[in-house]
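1. Just to be clear, the model below is a prediction. Sequence and coordinates:
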Amino acid sequence: MRRPILITGSTGKQGRALIRALLHGLPPIMPSAEDEYRIYALTRSSSSAAAKALRESENEERLQIVEGDLDDRESIVRIFERVSGEEGGFWGVYCVLEFPGLGADATGEERRGKLLADLALKYKVQAYIYSSAMRSGPEHEDTLILSGRAKANVENYCMVLGEKGLPWTILRPGFFMENFDDFLGSIAVGVLKSGLKKETTIGIVASEDIGYVAAGVFRHHEMYRQKILTLVSEFATMTQLEDSYQRALGKPLPSVPAAVAWPIMKMNKMIRWLINDLEKSHRARVEGEYPQLENEVSLANEVFEIRMMRTYYDWLRTRKRQRRMERLGESRSRKAKWNQLSLGKLLTGRA
Ligand SMILES: NC(=O)c1ccc[n+]([C@@H]2O[C@H](COP(=O)([O-])OP(=O)(O)OC[C@H]3O[C@@H](n4cnc5c(N)ncnc54)[C@H](OP(=O)(O)O)[C@@H]3O)[C@@H](O)[C@H]2O)c1
């Protein structure tokens, strides 16, 4: 019997990564009998481009796309009721909530997080993962604002419900490597290079690896019950990240010049706040203010079973290989599709 799992944010980075890890069990999480799941992928619109892309890339009978809006309680209750009736209820839930934006009000994020935790408890879910974000440690909890505050409140809420039986695990991912992609990524690189001190490190993770960690937590859910895992593969300075990029891809990490980055920082107080927050996290780590961090990071890396989460260098290399394979696959299938003829068939005259 397959275990029914509800995944929120299924059309986003983490949700898609988890779906891929659960369905294909790519290394290091190899599929096994206890990983047989029926996935309910939550989206607000099953006809959106992102939902269509998910359906096309994961054309699987184990995956069902379900429509619901975390701002519309009844739509989510209906999904829980339906699955209770048809399959005896959700076995697991992965809760990731959209980032409201830098400087944006996050009361909606908190409300959505609490709603899902309430329902998971009510419907007796057996493995509940809440994906939050990395923080600076207990001494800095009082300084949290907006989305950071909302995440801490949702975490605390899960812990309180844990006393009533909610089997929670909290994931705290670091800064996503994908944040450095594309044009916006080159602005992020420029701003961080200009704003951070040379020696300041940031903890980073590939969102794809969050999927593997979450799949591992579902597999060993009892071992990770009531545990906090911080998902970081390495702590690196911007210079080290630039060096990794250069070594992996043989070209410089794209960045807007300082002359563009400085005015962006000057104009945007939330960007300055982000820089300060990263500085604070770095100081807390190196000055030993957050002694639990090492254990939280080790826990996340252990779930990987075979190897550690990928460093920026490893991730860039893997992605380069994957893209090359995809291009090769596409060009092979284009060749194959040309009137079902190949060069070999043409030369030999065979049909
Ligand atoms: N970027 C980073 O460096 C970083 C680091 C640590 C933590 N985080 C945290 O990661 C989270 C974002 O994860 P992500 O990047 O994987 O997400 P994402 O790619 O931004 O996707 C957001 C997802 O949320 C869904 N969604 C939005 N509003 C919804 C609603 N009302 N009801 C149901 N679903 C809704 C969207 O689905 P539809 O549009 O299909 O409905 C989409 O699948 C944020 O909380 C962020 O703070 C980010």
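-> Sure, I can see it.

2. Near the ligand, which residues of the stretch 101-250 of the chain? Just list them.
-> Within the stretch 101-250 of the chain, the positions near the ligand by CB under 6 Å from any ligand atom are 133, 147, 173, 175-176, 179, 207. (C-beta placed from N, C-alpha, C; glycine too.)

3. If any of these are buried, put those into a ChimeraX selection.
-> Those of these that count as buried under 16 or more other CB atoms under 10 Å are selected in ChimeraX with:
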select :133,147,173,175,176,207
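
4. Out of the residues of the stretch 101-250 of the chain next to the ligand, which is nearest to Q126?
-> Distance to Q126, by CB to CB, is smallest for P173 among those, at 23.1 Å.

5. is it true that that closest one touches I204?
-> No. P173 is beyond contact range of I204, at 9.3 Å (criterion: CB atoms under 8 Å).

6. if I look at these two, which residues touch both of them?
-> V232 (CB atoms under 8 Å, 6 or more residues apart in numbering).

7. Output the below-cut-off pLDDT ranges for this protein.
-> Filtered on pLDDT under 70, the chain yields the residue ranges 26-31, 33-34, 305-307, 333-351.

8. Residue in it with the shortest distance to the ligand?
-> Nearest residue of the chain to the ligand (CB to the nearest ligand atom) works out as G12 at 2.1 Å.

9. contacting residues for that residue?
-> Taking CB under 8 Å, 6+ apart as the criterion, G12 is in contact with 50, 96, 98.

10. quick one: it and E326, what's the gap?
-> Using CB to CB, to the nearest Å, we find G12 at a distance of 21 Å from E326.

11. what residues does stretch 252-272 touch?
-> 102-103, 180, 185-187, 189-191, 193-195, 241-242, 245-246, 275.

12. Pull out the buried members of those.
-> 180, 185-187, 189-191, 193-195, 241-242, 245, 275.

13. the strands in the stretch 201-350 of the chain, which residues?
-> 202-205, 228-231, 234-236 (DSSP state E, counting those that start in this stretch).

14. Can you lay out the ones you listed as JSON lines showing mean neighbour count?
-> What follows is the strands of the stretch 201-350 of the chain, written out as JSON lines (neighbours: other CB atoms under 10 Å):
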{"stretch": "strand 202-205", "mean neighbour count": "25"}
{"stretch": "strand 228-231", "mean neighbour count": "26"}
{"stretch": "strand 234-236", "mean neighbour count": "20"}
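
15. quick one: which of the contacts of G12 is most hemmed in?
-> In terms of neighbours by other CB atoms under 10 Å, these top out with V96 at 23 neighbours.

16. That one reaches Q14, doesn't it?
-> Yes. Taking CB under 8 Å as the definition, V96 is a contact partner of Q14 at 4.8 Å.

17. Name the residues contacting each of these two.
-> S131.

18. from the buried ones among the contacts of stretch 252-272, which two are the most distant?
-> Y245 and I275 (20.6 Å).

19. In helices, which of the contacts of G12 fall?
-> Among these, the members found in helices (DSSP state H) are A50.

20. Can you narrow the contacts of G12 down to the ones near the ligand?
-> 50, 96, 98.

21. if we can go back for a sec, turn the strands of the stretch 201-350 of the chain into CSV, including distance to H140.
-> Output for the strands of the stretch 201-350 of the chain, formatted as CSV (distance: least, CB to CB, whole Å):
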stretch, distance to H140
strand 202-205, 15
strand 228-231, 14
strand 234-236, 17
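
22. Compare these and give me the one nearest L116.
-> strand 228-231 (18.0 Å).

23. Run through the helices of this structure in chain order.
-> Counting by DSSP H, the chain has helices at residues 13-24, 49-57, 73-87, 107-122, 146-162, 182-195, 207-219, 238-249, 258-267, 269-286, 292-302, 312-337, 343-348.

24. what helices or strands is the third one leaning on?
-> So the one you mean is helix 73-87. Applying 3 or more CB pairs under 8 Å, 6 or more residues apart in numbering; DSSP states H and E, we find helix 73-87 packed against strand 3-7, strand 37-43, helix 107-122.

25. mind checking which of the ones you listed is nearest E199?
-> For the helices and strands packed on helix 73-87, distance to E199 was read as CB to CB. The smallest value, 32.6 Å, belongs to helix 107-122.

26. which residues are in contact with the closest one?
-> Contacts of helix 107-122 (CB under 8 Å, 6+ apart): 8, 70-71, 73, 76-77, 80, 90, 93, 95, 97-100, 128, 130, 147, 149-151, 153-154, 157-158, 161, 164-166, 168.

27. Selection in ChimeraX covering whichever of those are buried, please.
-> Per 16+ other CB under 10 Å, the buried members of those correspond to this ChimeraX selection:
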select :8,70,76,80,90,93,95,97,128,130,147,149,150,151,153,154,157,158,161,166,168
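
28. hang on, T318 packs against Y312?
-> No. Shown here, T318 and Y312 do not form a contact pair, counting by CB under 8 Å, at 11.0 Å.

29. So if I had to pick from those two, which one is more boxed in?
-> A count of neighbours by other CB under 10 Å puts Y312 above the other of T318 and Y312, at 24 against 14.

30. Excluding chain neighbours, what is closest to the more buried one?
-> S244 (4.4 Å; CB to CB, 6 or more residues apart in numbering).

31. neighbours around that neighbour, how many?
-> Counted with other CB under 10 Å, the neighbours of S244 add up to 22.

32. what do you get for the one 5 residues further on?
-> Per other CB under 10 Å, the neighbour tally for L249 reads 14.

33. which ones are touching it?
-> Counted by CB under 8 Å, 6+ apart, L249 has contacts 316, 320.

34. For the residues of the stretch 101-250 of the chain next to the ligand, which two are the farthest from each other?
-> S147 and S207 (16.8 Å).
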